[in-house]
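*Asks:* pasting the sequence and the predicted coordinates here, then a few questions.
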Amino acid sequence: MQPTNTKQTSAHLPILYSLQHCPYAMRARIAIFKSQQPVLIRAIKLNNKPPEMLVLSTKGTVPMLVTYDGEKTEVIEESLDIMLKVLTANDPTQLLTAHRSASNDSTLDQMLSLINYYEMGLIPANEAYKCAKRYQETNITECREVCETYLQQLESRLAQHRFLMGDSESLLDIALIPFIRQFSKVERQWYQQSPYPKLRAWLNTYLQSSMFTKVMAKHELWVENHRDIIFGDVKK
C-alpha cells in the first residue's frame, strides 16, 4: 500500500490514530481494510502523542477514529466500536451477517457476546502469560494453561468449520486474530508443537495473507511531518 500525499484526495476522510503493534489498533485496521473504505492513518508513539489527538480526546488511547459529517465530528475510541462503525457502513464480505439465516437473525448479537467473553477472559490471561515470560516468573505454565482453556474452545469450533462461526469469515475471526497472534509469540516452540493444529492453520492463513502485510505496514510518525497517508484497500 503506497502512501498518498494529495490534499484533494484526503479531504474530509476519517482519521485513524494508530499504533503498529497494538492488538486493538490492529483489529481496527483489519476491519477498515475489509470495509474497503479509506482513512487517513496517523501513526503515533505513546510517549509522544500528537497535540491534535489530545485535543479531541484526553483519554489519548489507540485506536481512535475521527469521522466528519458536515460540521459534526465523532470520536470513536473503542476498537470494537470502530469495527462496527466501518463494517455497518460497508461490509462487502458480510462479516456481520454471513451466518444469518431465516430462522436465526441474532448472529451479530452472538458474535458480540463471544467477543466480550474472550475479552474478559483470554485477553487478561494473555497479559499474565506474557508477563510471566518477560519477568521469568515460575508460574508461566499455569498462566499458559489458563489461556488454553479458551484456545481449546476455539480449536473445537475450527474442527467443525473453516472459521470460528462457520465456513466463512466473520467479525469474531478478525476481532480475535491479534490476540491469538499475541499468544503464539510468547513461547514459540511450545506453540508450534501445541495440540491446536486447527487454530495454528487458521492463524497462519491470516498471517501469510497480503491483507495482513498491508495491515501491519509501518508508517512514519504523524508528529514528524504531518503527511497525509491514506490507508485502506479501496476497490476501484
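*Replies:* Done, it's in. Keep in mind it's a predicted model, so treat the numbers as computed, not measured.

*Asks:* so which residue is dead centre in this protein?
*Replies:* By Cα atoms, centre = their mean, the chain has its centre lying nearest to R27, at 0.8 Å.

*Asks:* please give the element, helix or strand, for that one.
*Replies:* helix 23-35 (DSSP states H and E).

*Asks:* list the buried residues of the helix or strand where A159 lies.
*Replies:* Assigned by DSSP H and E, A159 belongs to helix 140-160. Neighbour-count burial for helix 140-160 flags 140, 143-144, 146-148, 150-151, 153-155, 157-158 (criterion: 16 or more other Cβ atoms under 10 Å). Every C-beta, even on glycine, is put in place using the N, C-alpha and C of the backbone.

*Asks:* in three-state terms, label the residue nearest to T73 when sequence neighbours are not counted for me.
*Replies:* Sequence neighbours aside, V66 is the residue nearest to T73 in space, at 6.5 Å (criterion: Cβ to Cβ, 6 or more residues apart in numbering). Secondary structure, DSSP: H, G, I helix; E, B strand; the rest coil: V66 is strand.

*Asks:* let me see the contact set for V66.
*Replies:* By Cβ atoms under 8 Å, 6 or more residues apart in numbering, V66 lies in contact with P14, I15, L16, Y17, L56, T73, E74, V75, I76.

*Asks:* torsion angles phi and psi at N48?
*Replies:* Dihedral pair for N48: phi -150, psi 60, per degrees, to the nearest 10.

*Asks:* ok, it - how many residues close by?
*Replies:* N48 has 10 neighbouring residues, counting by other Cβ atoms under 10 Å.

*Asks:* how would you label the residue lying closest to it once chain neighbours are set aside: helix, strand or coil?
*Replies:* Of all residues not flanking N48 in the chain, V223 sits nearest, at 5.9 Å (Cβ to Cβ, 6+ apart). Assigned by three-state DSSP, the conformation of V223 is helix.

*Asks:* so which helix or strand of the chain has the lowest pLDDT on average?
*Replies:* The helix or strand of the chain with the lowest confidence, counting by mean pLDDT, DSSP states H and E, is helix 7-10 at a mean of 53.

*Asks:* quick one, what contacts L221?
*Replies:* L221 makes contact with A43, I44, K45, N48, according to Cβ under 8 Å, 6+ apart.

*Asks:* equivalent analysis for A89, please.
*Replies:* A89 makes contact with S35, Q37, according to Cβ under 8 Å, 6+ apart.

*Asks:* all strands of this structure, in order?
*Replies:* If DSSP state E is used as the criterion, the strands of the chain fall at 15-18, 39-43, 64-69, 72-76, 230-231.

*Asks:* save these as JSON lines, and put in distance to P178 and mean pLDDT too.
*Replies:* Formatted as JSON lines, those follow (distance: least, Cβ to Cβ, whole Å; pLDDT from 0 to 100):
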{"stretch": "strand 15-18", "distance to P178": "12", "mean pLDDT": "98"}
{"stretch": "strand 39-43", "distance to P178": "17", "mean pLDDT": "97"}
{"stretch": "strand 64-69", "distance to P178": "17", "mean pLDDT": "94"}
{"stretch": "strand 72-76", "distance to P178": "18", "mean pLDDT": "94"}
{"stretch": "strand 230-231", "distance to P178": "16", "mean pLDDT": "96"}
